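In: predicted coordinates and the sequence they were generated for:
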Amino acid sequence: MLLAALMAPTAVRADTSTIGRTWPIAEPDALSEIEGRSAHIPDMKAAFGPRSGWSAMKPASLGKARIDRQRSVVPFYTLDSDIHLPDGRLLYAKGTTFNPLAYVTLPQQLVIVHPAQLDWAMRNAGPTDFILIAAGAPGNTDPIKAGERLKRPIFLLEERIKTRLGLTVAPVIVAQSGQKLVLTEVDAAKATRRASR
């Protein structure tokens, strides 16, 4: 009985004291401030119409890959203006061409698919890879809804990325290999069949 009484939890009480001068907190509560401001955010649908009509929600169009194929691209970039050091000296002249992959590493792959191949993309993309939706096939191209359903960020393929990488078909996986990008195009019929399993 004595052992049970010693093992029983007891409430501990400590006194606190104040040392020095104190002042009331003058800043507003951060959560209250966020809630107050969010109450005044305009309704995007009412202000701009449904997302399907927004120009920013229009992905670049790609055809369907008909065969498995692999090709490579060197993403050369040509400067459209001079680049100067802070002291005014010229570092790189307009027209200088270089390969960004000589200086940086792309740590993730880009997995570019049509909406009907999103399940295939989920099976073939690593946790840090970017999944991009292209237009040109039936299916919902709303990346926000797709991301909510798949519980991961989904992006739209922009026209400038399509042009920069020389993309023509989807699905395609883009990965860096040394100082070039390797584009692995996958037969769309296979990807769609695998996605429906």
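Out: On my side now, so go ahead.

In: where does pLDDT dip in the protein?
Out: Residues of the chain meeting the criterion pLDDT under 70: 1-14, 50-57, 136-141, 192-197.

In: all helices of it, in order?
Out: Shown for the chain, the helices assigned by DSSP state H span residues 2-7, 30-38, 44-48, 118-124, 143-150, 159-165, 188-196.

In: count of neighbours near the nearest residue to Gly178 once chain neighbours are set aside?
Out: Distance criterion C-beta to C-beta, 6 or more residues apart in numbering; nearest residue to Gly178, sequence neighbours excluded, is Leu101 at 7.6 Å. Using the backbone N, CA and C atoms, a C-beta is placed for each residue, glycine as well. Leu101: 17 surrounding residues under other C-beta atoms under 10 Å.

In: pretty sure Pro115 contacts Ile133?
Out: Yes - counting by C-beta atoms under 8 Å, Pro115 does reach Ile133; the two are 5.7 Å apart.

In: neighbour-wise, which of those two wins?
Out: With neighbours defined as other C-beta under 10 Å, Pro115 and Ile133 compare such that Ile133 has more, 26 against 20.

In: who's in contact with the more buried one?
Out: By C-beta atoms under 8 Å, 6 or more residues apart in numbering, the residues touching Ile133 are 59, 112-115, 118, 141, 143, 146, 154-157.

In: compare the residues you listed and tell me which is most surrounded.
Out: Val113 (31 neighbours).

In: separation between it and Leu156?
Out: Note on Val113: its distance to Leu156, by C-beta to C-beta, to the nearest Å, is 12 Å.
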